[in-house]
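Novice: Sequence and predicted structure, then a few things I'm wondering about:
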Amino acid sequence: MSSAPSSVPEVIQRLQAIEASAPHTDGVVCFARLYRQVTQDVDAELKRRGFSDAPFMERLDVSFAGLFFSALESYERDPASAPSAWKPLFTQRSRRGIAPLQFALAGMNAHINRDLPVALVTTSEGLHVELSERSPEHGDFERINALLSQVEAHLKRAYLTGWLAWVDRLVHRLRRIDDVIAMWDVARARDAAWTNGQALWALRDQPGLASQFLLTLDRMVGLASRGLLVPADSFPQRLGRLLR
């Protein structure tokens, strides 16, 4: 098993390696591409010194990414050992009929809702920082929402524009992909992650309860990911693949 990343540039390099490891339509690659774009924006913000507590944000970014890499490696070594939140994406990464947007959102769902609370607690313990909503760290945390929203919006435009998308909307007015988009809100997910991080922080002296809390959260997030990955394929989309 590879070691955890030690810097934000190393995180970017590992994500690029994942992108290069499989076809661009692969589900994990779709998520890694989105994740790498966001991480590059965070790295640029760190270099501009745009955060109030840069050491906290840098360590949070690295710790957070390490949980994704660990989950992927665990699944590749022994699928049963991977967190439940990640299994839907890992098991269906090659399935046809699932849109790239769905793969990306399922990855975000698993990573933000399951992993981010854990990374927040790990980072706070390491730097002796309280998870307070009035803290500079929370303000920096919310700054990331804008970066995520920009990348997410770009991804949605890439998938939902063009003649094929127009025909698909005309023929299938209740398209599954519209439902998927309606299910996901990155800002709300990150707000929930901060709250769940505070809950884990409060339980840090009760490891049994903390473990049970995380196990329940992990299973709930996995259930949501399965919903995000219900195939959204339609006849115009299949036709478009044949014509490419």
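Specialist: Noted; the coordinates are in hand.

Novice: Please identify which helix or strand holds the most centrally placed residue in the chain.
Specialist: For the chain, the residue nearest the mean C-alpha position is Met108 (2.2 Å; C-alpha atoms, centre = their mean). Met108 belongs to helix 100-110 when assigned by DSSP states H and E.

Novice: Only alpha carbons, please: show that helix as PDB.
Specialist: This file holds the C-alpha atoms of helix 100-110, laid out as PDB (Å, rounded to 0.1, in the frame of the first residue of the first chain):
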ATOM      1  CA  PRO A 100     -19.700  11.300 -16.600                       C
ATOM      2  CA  LEU A 101     -21.600  13.900 -14.500                       C
ATOM      3  CA  GLN A 102     -23.200  11.100 -12.500                       C
ATOM      4  CA  PHE A 103     -19.800   9.500 -11.800                       C
ATOM      5  CA  ALA A 104     -18.300  12.800 -10.800                       C
ATOM      6  CA  LEU A 105     -21.200  13.700  -8.400                       C
ATOM      7  CA  ALA A 106     -21.100  10.200  -6.900                       C
ATOM      8  CA  GLY A 107     -17.500  10.600  -6.100                       C
ATOM      9  CA  MET A 108     -18.100  14.000  -4.600                       C
ATOM     10  CA  ASN A 109     -20.900  12.600  -2.500                       C
ATOM     11  CA  ALA A 110     -18.700   9.900  -1.100                       C
END
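
Novice: shaky segments in this structure?
Specialist: 1, 155-183, 232-244 (pLDDT under 70).

Novice: if you set the cut-off to 90 instead, what comes out?
Specialist: 1-4, 50, 96-102, 133, 143-188, 230-244 (pLDDT under 90).

Novice: Please, where are all the helices along it?
Specialist: For the chain, the helices defined by DSSP state H cover 8-19, 27-47, 54-77, 87-91, 100-110, 116-127, 136-160, 163-171, 176-183, 186-202, 207-228, 235-243.

Novice: Identify whichever of those lies nearest to Ser2.
Specialist: Of all those, helix 54-77 sits nearest to Ser2, with 6.7 Å by C-beta to C-beta. Quick note: C-beta positions are derived from backbone N, CA and C, even for glycine.

Novice: Could I get the helices of the chain in JSON lines, plus columns for distance to Ser2?
Specialist: As requested, these are exported to JSON lines (distance: least, C-beta to C-beta, whole Å):
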{"stretch": "helix 8-19", "distance to Ser2": "8"}
{"stretch": "helix 27-47", "distance to Ser2": "15"}
{"stretch": "helix 54-77", "distance to Ser2": "7"}
{"stretch": "helix 87-91", "distance to Ser2": "17"}
{"stretch": "helix 100-110", "distance to Ser2": "19"}
{"stretch": "helix 116-127", "distance to Ser2": "18"}
{"stretch": "helix 136-160", "distance to Ser2": "25"}
{"stretch": "helix 163-171", "distance to Ser2": "39"}
{"stretch": "helix 176-183", "distance to Ser2": "32"}
{"stretch": "helix 186-202", "distance to Ser2": "25"}
{"stretch": "helix 207-228", "distance to Ser2": "22"}
{"stretch": "helix 235-243", "distance to Ser2": "35"}
